[in-house]
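**Q** My questions concern the predicted model and sequence given below.
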Amino acid sequence: MDLHEDSEKNIVTATFEFPGVKKEDVSIDVHNGRMTVSAESKISEEHDHDGYAVRERRFGKMSRTLQLPQGVTEDQIKASMSDGLLTITFPKANAESGPKRVTIL
């Protein structure tokens, strides 16, 4: 995973590499201020050459959990996937999450 922070745009970009994984096999779950990205790889190949049969199988699960900045909601998270590269962007901090002044009555 690569994590990049753009202070000018107030955006964090997380990039994950999932070679050979379809986007249908990737899930992004947000719960209690945490985002979990998980993927499952199921690759099976068969080759027949000069009477030899070769079967290769690769299976695996990957998962990574990130603590989101306070105040980030699910609708602020954007994700796209192309050629095994998953890119997720979300705001670095919500304007409402700054300090608040309490009026004394």
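**A** Yes, it's here. Numbering: from 1, shown residues only.
**Q** make it CA atoms for all contacts and neighbour counts henceforth
**A** Fine.
**Q** What residue, apart from its backbone neighbours, is nearest Thr89 spatially?
**A** Distances taken as CA to CA, 6 or more residues apart in numbering place Thr13 nearest to Thr89, at 4.5 Å, with adjacent residues excluded.
**Q** The one you found: what's it in contact with?
**A** Applying CA atoms under 8 Å, 6 or more residues apart in numbering, we find Thr13 in contact with Leu3, His4, Glu5, Thr87, Ile88, Thr89, Phe90.
**Q** Per-residue pLDDT of the nearest residue in space to Pro69 that is not next to it in sequence, please?
**A** Among residues not flanking Pro69 along the chain, Ala93 sits closest, at 5.7 Å (CA to CA, 6+ apart). pLDDT for Ala93: 72.
**Q** Quick check: which element contains Ala93?
**A** Using DSSP states H and E, Ala93 maps to neither a helix nor a strand.
**Q** Which residue lies nearest the spatial centre of this protein?
**A** Nearest to the geometric centre of the chain sits Val37, at 4.4 Å (CA atoms, centre = their mean).
**Q** now that residue: how far from Val54?
**A** 33 Å (CA to CA, to the nearest Å).
**Q** Could you do Asp6 as well?
**A** Asp6 is 47 Å from Val54, where distance means CA to CA.
**Q** and if you look at Thr36?
**A** Remark: distance between Thr36 and Val54 (CA to CA) = 36 Å.
**Q** quick one: which of those two has more around it?
**A** Using other CA atoms under 10 Å as the criterion, Thr36 and Val54 rank with Thr36 on top: 14 against 10.
**Q** Tell me the confidence at that one?
**A** 94.
**Q** for the closest residue to it other than its chain neighbours, what are its contacts?
**A** Closest residue to Thr36 apart from its sequence neighbours, by CA to CA, 6+ apart: Thr65 at 4.2 Å. For Thr65, the contact set (CA under 8 Å, 6+ apart) comprises Arg34, Met35, Thr36, Val37.
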